[in-house]
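K.L.:
Could you look at this predicted model? Sequence included:
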Amino acid sequence: MDLVDGHPTDEQTEAVKTFLGGKDVFVCLPTGSGKSVCFTCLPQVIVLCWLL
């Protein structure tokens, strides 16, 4: 994820929380705001959590 001071941006956090809450998510943000990274990494994190 694109990090601000070592943390996901507010927009990334809100999108991921909404998605993990079982809701559909439509994210409309400017280029370079971390949309692709957010949703590319999320499935990998979920798989890693299942493996632990």
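P.N.:
Everything's here; your move.
K.L.:
Tell me the secondary structure at the closest residue to residue 35 other than its chain neighbours.
P.N.:
Excluding the flanking residues, the one nearest residue 35 by C-beta to C-beta, 6 or more residues apart in numbering is residue 27, at 5.2 Å. Where you see a C-beta, it was placed from the backbone N, CA and C, and this is true even at glycine. Here residue 27 is coil, with the state taken from DSSP: H, G, I helix; E, B strand; the rest coil.
K.L.:
and the spatially closest residue to residue 19 that is not a sequence neighbour, how many neighbours?
P.N.:
Leaving aside its sequence neighbours, residue 19 sits nearest to residue 25 (C-beta to C-beta, 6+ apart; 4.8 Å). Burial measure for residue 25: 14 neighbouring residues, criterion other C-beta atoms under 10 Å.
K.L.:
So residue 25 sits against residue 15, correct?
P.N.:
Yes - with contact defined as C-beta atoms under 8 Å, residue 25 reaches residue 15; the gap is 5.3 Å.
K.L.:
okay, and the helix or strand of this structure with the least pLDDT?
P.N.:
One helix or strand of the chain scores below all others by mean pLDDT, DSSP states H and E: strand 3-4, with a mean of 54.
K.L.:
Let me see the ranges of the strands in the chain.
P.N.:
3-4, 7-8 (DSSP state E).
K.L.:
what pLDDT, on average, does the last one get?
P.N.:
Averaged across strand 7-8, the pLDDT comes to 78.
K.L.:
Please compute how far the helix ranked longest in the chain lies from its chain's middle.
P.N.:
Using DSSP state H, we find that the single longest helix of the chain is helix 35-51. Counting by C-alpha atoms, centre = their mean, to the nearest Å, helix 35-51 is centred 8 Å from the centre of its parent chain.
K.L.:
which secondary structure elements does it contact?
P.N.:
Here helix 35-51 is seen to pack against helix 10-20 when contacts are counted using 3 or more C-beta pairs under 8 Å, 6 or more residues apart in numbering; DSSP states H and E.
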